[in-house]
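Asks: Sequence first, then the predicted structure, then my questions.
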Amino acid sequence: MNLIFLGPPGAGKGTIAQQIVEDTGLIQISTGDLLRAAVKEGTELGKKAKEYMDSGKLVPDDLVINMLKERIAKDDCKNGFILDGFPRTIPQADALGAAEVEIDKVMNFNVSDDLVIHRITGRRTSKSTGKIYNIYPECAPNPPEGHPENDLQQRADDNEEVVKKRLVQYREQTEPLIGYYIKKELLVDIDAAKKLDEIVADVKAAISS
Ligand code: AP5
């Protein structure tokens, strides 16, 4: 089973993927995480990607496509994966097709811009485990009680100004993928404004239908 998680920034793609992999054994491949790791390690790719990411722009297709192809060629992907944040453009989707990567379903996470901005400003990631949390009580999951505050970090692009730019990029470059995957009869709409547990249940039901 190979899945694509599609949706605006802050829709919950990463959070839901982390929960689905626990039960299914699928591998989560987040192009955002791979790029942030490259930036941290100071690789050539990381140096090229940083400026785009910090300003809320998409990293050029050729760089991301090569990185993704290298990742899915690894052994741990043989039993299936969730592509979280890829493809983000029509050329990226075409590259998957050209590489003969079979996709079973595309989960399309729908959520309003206001909710996205709220969720993103409260997002924190655990430095030690990579787990995604949110510090606002009405968001989920919250860090467990007593979780050390210095283990939680905020992403450089998680501020209102950059999120608004990321939303513009999403509308212009990524949203056309909805029609692209409807035509291929792969798209499943998911209401991502619901409670986390409900969304996880909806995604699991869609996977097994
Ligand atoms: P990336 O890391 O992929 O960021 P994104 O797509 O903008 O998505 P996010 O990670 O911001 O959101 P998410 O949907 O995963 O939400 P999350 O689950 O964390 O990309 C970053 C940058 O890298 C891009 O801007 C670009 O520059 C570059 N890049 C990456 N891939 C690329 C590609 N393919 N091509 C070109 N460039 C690329 O949830 C958000 C928060 O809400 C969390 O705190 C969570 O706890 C909370 N939450 C989630 N669900 C719920 C819920 N149901 N109820 C309450 N709270 C919730």
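Replies: Cool, got the structure.
Asks: Can you tell me which residues in this structure are near the ligand?
Replies: 7, 9-15, 30-32, 35, 52-53, 56-59, 64, 85-86, 88, 92, 119-120, 122-123, 132-134, 139-141, 157, 166, 196, 199 (C-beta under 6 Å from any ligand atom). All C-beta atoms are positioned from the backbone trio N, CA, C, and that covers glycine.
Asks: Among those, which are located in helices?
Replies: 13-15, 31-32, 35, 52-53, 64, 92, 119-120, 166, 196, 199 (DSSP state H).
Asks: Now list the buried members of those residues.
Replies: Among those, those classed as buried by neighbour count (16 or more other C-beta atoms under 10 Å) are 13-15, 31-32, 35, 52-53, 64, 92, 119-120, 166, 196, 199.
Asks: Pick out whichever of these sits closest to Ser208.
Replies: When those are compared for distance to Ser208 (C-beta to C-beta), Ile199 comes out closest, at 15.3 Å.
Asks: Quick check: closest non-adjacent residue to the closest residue to the ligand within the chain.
Replies: Nearest to the ligand in the chain, going by C-beta to the nearest ligand atom, is Gly32, at a distance of 1.9 Å. Among residues not flanking Gly32 along the chain, Gly85 sits closest, at 5.0 Å (C-beta to C-beta, 6 or more residues apart in numbering).
Asks: Can you name every helix or strand that the host helix or strand of Ile82 contacts?
Replies: Following DSSP states H and E, one finds Ile82 within strand 81-84. Applying 3 or more C-beta pairs under 8 Å, 6 or more residues apart in numbering; DSSP states H and E, we find strand 81-84 packed against strand 2-6, helix 13-24, strand 27-30, helix 31-41.
Asks: need the ones you listed in a markdown table with distance to Asn79 and mean pLDDT, can you?
Replies: Formatted as a markdown table, these follow (distance: least, C-beta to C-beta, whole Å; pLDDT from 0 to 100):
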| stretch | distance to Asn79 | mean pLDDT |
| --- | --- | --- |
| strand 2-6 | 10 | 98 |
| helix 13-24 | 9 | 94 |
| strand 27-30 | 8 | 97 |
| helix 31-41 | 19 | 96 |
